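Chemist: Okay, predicted coordinates and the sequence, questions at the end:
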Amino acid sequence: MRTHPPSVSVVGAGSWGTALAILLCHNFKRVKLWGRNAAHLEEMAQRRCNPRYLPGLTFPPNLAIEPNFDALLEQSLAFVIAVPSHAVRSQIQTLHARITAHAPARNLAAAATTLVCATKGFDPNSGQLLCEVTAQIFNKVGVHAAISGPSFAAETAKLLPTALTVAGANCAVAEAIAAWFRTPTTRVYFSDDLIGVQFGGAVKNVMAIAAGISDGLGFGANARAALITRGLAELTRLGVALGGRANTFTGLTGVGDLILTCTDDQSRNRRFGLGLGAGKTSAQIRRAIGQEIEGIHTARELYLISRNLKVEMPITEQVYRIVHQGHDPKRAVQDLLQRDPRAEHGG
């Protein structure tokens, strides 16, 4: 693969897509940022910042706000995908169709495409990890990678010290793409465990909802620590069953991301759980947060996957019942506490 293309485009102009675009500007002469909302793009282009999601952070001069999706189709065909998980499939289908349509005139080839998925979650249509979706749509040609790790968009965009991991089909691919995002304050590791890195980033959102519910109910630090620890056990059990490596889940994209999102109120998933624990409705909390809460969708996908594979996921199950079946949060905690005693490392 071409290790460092001349330009790169970020698809998704939310907080995380914008933060990654800012990182990329340190290593590319030209970075394009595109989003679905034309009015939002126009506002960003005029003000040279993202006032809705990252107010006060001025864009680097080499970051271009691109309202025309087809203008992203340069010969480098390097993309970072940062749209919500439920929109990834349709966005990748559109991208593949546009590349195919413009291929003869612009000398483009789908096989030369590099797709780096920055979204943490599952495809709601199939339950697949998102890089599986991109590879499927691109007929398993091109380069498919993922970037994940314990990172809030605002801190990443401000270039506060941050550590991330890029995963690819092999370490050579992952190492090359990791270099795209490195800055003097952003350390980016690489891995060939594409399943494990994606899985850890998705599951932590569900555990953050659980930790938020517990804190919203006033159950204290002991309960939160127990949820994080047992959440890691759940994450590892199912992740290994899906083909991830156990040691991946003890790293940045497993326990690192889990600790971050379960303990800091910058996490939208944790804030969602806090609201549920405080007795607010899902609709009320979502309106107040005003951004995507990936753990809502992921809880359903995880629950279905775990049942299909017969992997025990008690915390995930209770979050699913609270969020999707209206189960009472206090009763959910009682159900967890009343489970049969067992050896700690036996489930």
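Modeler: Yep, that arrived.
Chemist: Can you give me the domain assignment for this protein?
Modeler: Here the domain assignment for the chain is 7-192, 196-346, based on automatic domain parsing.
Chemist: Turn these into JSON lines, columns for mean neighbour count and mean pLDDT.
Modeler: The way it works is simple: take the backbone N, C-alpha and C, and place the C-beta from them, glycine included. Below are the domains of the chain laid out as JSON lines (neighbours: other CB atoms under 10 Å; pLDDT from 0 to 100):
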{"stretch": "domain 7-192", "mean neighbour count": "19", "mean pLDDT": "96"}
{"stretch": "domain 196-346", "mean neighbour count": "20", "mean pLDDT": "94"}
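Chemist: all strands of the chain, in order?
Modeler: Taking DSSP state E as the test, the strands found in the chain are 7-11, 30-34, 63-65, 78-81, 114-117, 143-148, 162-167, 186-191.
Chemist: got the ones you listed as CSV, with distance to residue 204 columns?
Modeler: CSV is the format used below for these (distance: least, CB to CB, whole Å):
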stretch, distance to residue 204
strand 7-11, 23
strand 30-34, 26
strand 63-65, 29
strand 78-81, 19
strand 114-117, 16
strand 143-148, 9
strand 162-167, 13
strand 186-191, 16
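Chemist: Tell me which of the ones you listed approaches residue 275 most closely.
Modeler: Comparison of these against residue 275 by CB to CB identifies strand 143-148 as nearest, at 25.4 Å.
Chemist: Just checking: what are the partner strands of the closest one?
Modeler: Under the criterion DSSP bridges, strand 143-148 sits next to strand 114-117 (parallel), strand 162-167 (antiparallel) in its sheet.
Chemist: can I get those strands in a markdown table with distance to residue 217?
Modeler: Conversion of the strands paired with strand 143-148 to a markdown table gives the following (distance: least, CB to CB, whole Å):
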| stretch | distance to residue 217 |
| --- | --- |
| strand 114-117 | 34 |
| strand 162-167 | 31 |
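Chemist: how about the ones you listed, which one is nearest residue 299?
Modeler: Nearest of these (CB to CB): strand 114-117, 20.0 Å.
Chemist: wait, residue 238 sits on residue 306?
Modeler: Yes - contact criterion CB atoms under 8 Å: residue 238 and residue 306 qualify, at 5.6 Å.
Chemist: joint contacts of the two?
Modeler: Shared contacts of residue 238 and residue 306 (CB atoms under 8 Å, 6 or more residues apart in numbering): residue 313.
Chemist: ok, residue 20 - contacts?
Modeler: By CB under 8 Å, 6+ apart, the contact list for residue 20 reads 10, 80, 82, 118, 147, 156, 181.
Chemist: Would you mind putting those into TSV with distance to residue 41 alongside?
Modeler: Formatted as TSV, those follow (distance: CB to CB, whole Å):
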residue	distance to residue 41
10	12
80	16
82	14
118	18
147	23
156	21
181	23
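Chemist: Now flag whichever of those residues is closest to residue 220.
Modeler: Lowest distance from residue 220 to the contacts of residue 20 (CB to CB) belongs to residue 156, with 30.3 Å.
Chemist: quick one: the closest one and residue 279, what's the gap?
Modeler: 33 Å (CB to CB, to the nearest Å).
Chemist: Check residue 314 too.
Modeler: 23 Å.
Chemist: cool, and residue 88?
Modeler: Counting by CB to CB, the gap from residue 88 to residue 279 is 33 Å.
Chemist: just to revisit the earlier point, for residue 42, which of the strands of the chain is the nearest?
Modeler: Residue 42 lies closest, by CB to CB, to one member of these: strand 63-65, at 8.1 Å.
Chemist: Show me what that closest one is packed against.
Modeler: strand 30-34, helix 38-47 (3 or more CB pairs under 8 Å, 6 or more residues apart in numbering; DSSP states H and E).
Chemist: my read: residue 217 touches residue 333, true?
Modeler: Yes - using CB under 8 Å, residue 217 is in contact with residue 333, at 6.9 Å.
Chemist: what's next to stretch 29-42, contact-wise?
Modeler: Contacts of stretch 29-42 (CB under 8 Å, 6+ apart): 6-14, 17-18, 21, 24-25, 44, 52, 60, 62-67, 69, 71-72, 83.
Chemist: residue boundaries of the helices in the stretch 101-250 of the chain?
Modeler: Counting by DSSP state H, counting those that start in this stretch, one finds helices in the stretch 101-250 of the chain at the ranges 130-137, 153-157, 171-181, 194-216, 220-241.
Chemist: how about residue 316, what does it touch?
Modeler: So, once contact is read as CB under 8 Å, 6+ apart, residue 316 ends up touching 203, 206, 234, 299, 302, 303, 306.
Chemist: And for residue 255?
Modeler: Applying CB under 8 Å, 6+ apart to residue 255 gives the contacts 232, 249.
Chemist: Give me the distance between it and residue 279.
Modeler: 31 Å.
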